[in-house]
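Asks: quick one: sequence and predicted model below, then my questions.
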Amino acid sequence: MATNSFCGLIELRDADGKKLHLLKPEVNLQKSYPISYNLRLMHQILDNGFSTDGSSLPRPLVGADVQLGFNLKDYFEIKNPGEYQMKVFPIIYKRSATNDDLCERVDLPPLAIPIKWAKNNTWN
């Protein structure tokens, strides 16, 4: 399960290898993915629905068959059609023991995803 309902660090590069600006830089902050956290405490915080500063918190992803998706245009401003490459650095958490509330971070190998962006800004 993720701590912030997101898949992990992301980046998008154009055909020349230039990295595009991330519109939501908070998804790539290291503090968004702590080394470990207490599951019971995190559930209490998320069940409350608000962080200490009053902003709404995301819902946790729980279970073996979690569907996760996002709209690329919400995270990157893609101005031109063409070939792009998105790289995702997946981060998940596992319980350190079955009866323990401590969840430890697992950094998975990065995934490179080729993207063809059409003129009408939809997946191709």
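Replies: Alright, I've got the coordinates. Numbering: from 1, shown residues only.
Asks: spit out the contact partners of the residue sitting furthest away from the middle of the chain.
Replies: When distances to the mean C-alpha position of the chain are computed (Cα atoms, centre = their mean), the maximum falls on Asn99, with 26.9 Å. Going by Cβ atoms under 8 Å, 6 or more residues apart in numbering, Asn99 touches no other residue. Using the backbone N, CA and C atoms, a C-beta is placed for each residue, glycine as well.
Asks: could you point out the longest strand in this structure?
Replies: Ranked by number of residues, the top strand in the chain under DSSP state E is strand 82-95.
Asks: still on that earlier bit, confirm that the residue farthest from the centre of the chain sits in a helix.
Replies: No - Asn99: not assigned to a helix; according to DSSP: H, G, I helix; E, B strand; the rest coil it is coil.
Asks: what distance do you get for it to Leu111?
Replies: Counting by Cβ to Cβ, to the nearest Å, the separation of Asn99 from Leu111 is 32 Å.
Asks: Tyr93 now?
Replies: Separation of Tyr93 from Leu111 (Cβ to Cβ): 18 Å.
Asks: no further queries at this time; thank you.
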